[in-house]
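Asker: just the structure for this:
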Amino acid sequence: MEIYALPGSLLSGNQQIWRDAVDATHDFLDPADRDAIEQELSQFLPAAPLWLAIDETGETTGFMLLDGSHMEALFVDPAYRGQGVGRQLVRHACSLHSTISTDVNEQNVQAEQFYRRLGFVAVGRSELDGQGRPYPLIHLHRPPSV
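Answerer: Take a look at the predicted model:
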């Protein structure tokens, strides 16, 4: 598997990966909120500078969005979960920045456990997500010594 930097506009499948990953892991989202988030994403994702995980067949298996050393997004196609795609994307982020931060929905226990296994520690919490919706966030940080 290789990691490539590409603009989101080059691969239309990124939104489908997001949709499938959210459907598999974000069952706590109100359907109206999920639809609103997807609409926001459809406006934002095509212009986003993404890091893509691409397997040996050329299939995009996941993507990550970094804003400096903050990981804004990490989504893996559910068909590839548990195969190291997310771990490889995080390792790539760590190769670019000595410390990495990210936020995870408090209700997404699997994601929080994933990040903790990779050395992230909780450094804060917010009652609302970044758009002011009632989905608490746990703020995570991965120190350079991990």
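
Asker: from here on, contacts and neighbour counts on C-alpha atoms
Answerer: Noted.

Asker: what's the first-to-last distance across stretch 77-86?
Answerer: Using Cα to Cα, to the nearest Å, one end of stretch 77-86 lies 10 Å from the other.

Asker: tell me the buried residues in the host helix or strand of residue 43?
Answerer: With elements delineated by DSSP states H and E, residue 43 resides in helix 31-44, which encompasses its position. Along helix 31-44, the positions that meet the burial threshold by neighbour count (16 or more other Cα atoms under 10 Å) are 34, 38.

Asker: touching it from outside, list them.
Answerer: The list of residues contacting helix 31-44 from outside it, by Cα atoms under 8 Å, 6 or more residues apart in numbering, reads 15, 19.

Asker: again with stretch 87-102
Answerer: When contacts are taken as Cα under 8 Å, 6+ apart, the neighbours of stretch 87-102 outside the stretch itself are 3, 51, 53, 63-64, 66, 69-72, 74, 118, 139-144.

Asker: are any of these buried, and if so which?
Answerer: For the contacts of stretch 87-102, a neighbour count by 16+ other Cα under 10 Å gives the buried set as 3, 51, 53, 63-64, 66, 69-71, 74, 139-142.

Asker: got the contact list for the residue nearest to residue 127 when sequence neighbours are not counted?
Answerer: Sequence neighbours aside, residue 136 is the residue nearest to residue 127 in space, at 4.3 Å (criterion: Cα to Cα, 6 or more residues apart in numbering). Under the criterion of Cα under 8 Å, 6+ apart, the contact list for residue 136 reads 105, 106, 107, 125, 126, 127, 128, 129.

Asker: in stretch 102-110, what's buried?
Answerer: Applying a neighbour-count criterion of 16+ other Cα under 10 Å, the buried positions in stretch 102-110 are 102, 103, 104, 105, 106, 107, 108.
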